[in-house]
Structures are given as structure tokens and as C-alpha cells.
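Chemist: what follows is a predicted structure for the sequence shown.
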Amino acid sequence: MGFQIGVSRTVPHPLESVWAYLTSPEGITAWLGEGAVLGTRKGDTYTTAEGTTGELRSFHVNDRVRLTWRPRGWDHDTTVQVTVSDAGGRTVLRFHQEWLADGDERLRQRGHWRGVLDTVAAGLNRGRSPG
């Protein structure tokens, strides 16, 4: 189970604004799922309305969140890491997922995280002005 994927996008918002959105209730819903409450301490757990479960592995403000991610019906955990990095007043937002079962799962998850990037970018554009 060593397959992994990563997607990224540069958004026209300062890092602190992107982080604030990602860790807000709206932002957590956008990338993790409806009903999820994201803790900040290693070992904090979450469950989404769709049945995805996981455990927080690390939480570093204005840098990264790392957690396990297991949708209902899957027989294995994966690890998802969300990172933000400054790009001169803009922010590079990355989603990386490890421990995918096979190439088909990797392909499906690449599509999933690309859709999440679209949703997050739309949420940022709706609620915040660039720069």
C-alpha cells in the first residue's frame, strides 16, 4: 500500500488568511467533510457526516495539518497532509495523500483532492479579498 498523490495550487491570498479559512468550520467542511470538527492536539479524532474517520497526527499553525483519513467502506487508513507556504503574498496550498491501496484508488483520490482545491479556492474568493 505505497501509492500516493499530491495536488497543489497557488491562491492569491496571504498565508494567514488561507490558514484561517482552512481551520474555520466552513474550511474544514470544504476539505475534510460535513460534520467534521478538527482538533489541534495529536490523537484528536474526527468523524464526518459521510462516515470518514481519522486521527490528528500533527497540527502546526500556519504550516501544516497531518491526519489519518479513512472513508466508510475502506479497509485501510491513509494519511493526508495539508500544507500552506508563502509565495510572495500569495499562498501555495498542497494536499498530499499516502498509503493508497493501488493505482485506481490513487486516480480517484487525485480527482477528489483537485475538486477540494476548487472548493477551497472558491471559498477563499467568496470570503476574502486578495492581498
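Modeler: Thanks, I have the structure now.
Chemist: now stretch 14-23, how far from the chain's geometric center?
Modeler: 12 Å (Cα atoms, centre = their mean, to the nearest Å).
Chemist: all strands of this structure, in order?
Modeler: Assigned by DSSP state E, the chain shows strands spanning 3-11, 45-47, 53-60, 64-69, 78-87, 90-100.
Chemist: got CSV for these, with distance to Val18 and mean pLDDT too?
Modeler: (C-beta placed from N, C-alpha, C; glycine too.) As requested, those are exported to CSV (distance: least, Cβ to Cβ, whole Å; pLDDT from 0 to 100):
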stretch, distance to Val18, mean pLDDT
strand 3-11, 6, 97
strand 45-47, 20, 97
strand 53-60, 14, 97
strand 64-69, 12, 98
strand 78-87, 5, 98
strand 90-100, 4, 98
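Chemist: distance to Gly33 and mean neighbour count added to these, as CSV?
Modeler: Shown next, in CSV, are the strands of the chain (distance: least, Cβ to Cβ, whole Å; neighbours: other Cβ atoms under 10 Å):
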stretch, distance to Gly33, mean neighbour count
strand 3-11, 17, 16
strand 45-47, 9, 15
strand 53-60, 10, 16
strand 64-69, 9, 20
strand 78-87, 11, 18
strand 90-100, 13, 19
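Chemist: quick one: closest of the ones you listed to Trp19.
Modeler: Closest to Trp19 of the strands of the chain is strand 78-87 (Cβ to Cβ; 5.6 Å).
Chemist: redo the strands of the chain as CSV? Include distance to Gly39.
Modeler: Shown next, in CSV, are the strands of the chain (distance: least, Cβ to Cβ, whole Å):
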stretch, distance to Gly39
strand 3-11, 24
strand 45-47, 7
strand 53-60, 5
strand 64-69, 9
strand 78-87, 14
strand 90-100, 19
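Chemist: indicate which one of those is closest to Arg126.
Modeler: Arg126 sits nearest to strand 3-11 of all the strands of the chain, at 12.4 Å, using Cβ to Cβ.
Chemist: by contact count, what packs against the closest one?
Modeler: On a contact count with 3 or more Cβ pairs under 8 Å, 6 or more residues apart in numbering; DSSP states H and E, strand 3-11 meets strand 90-100, helix 103-127.
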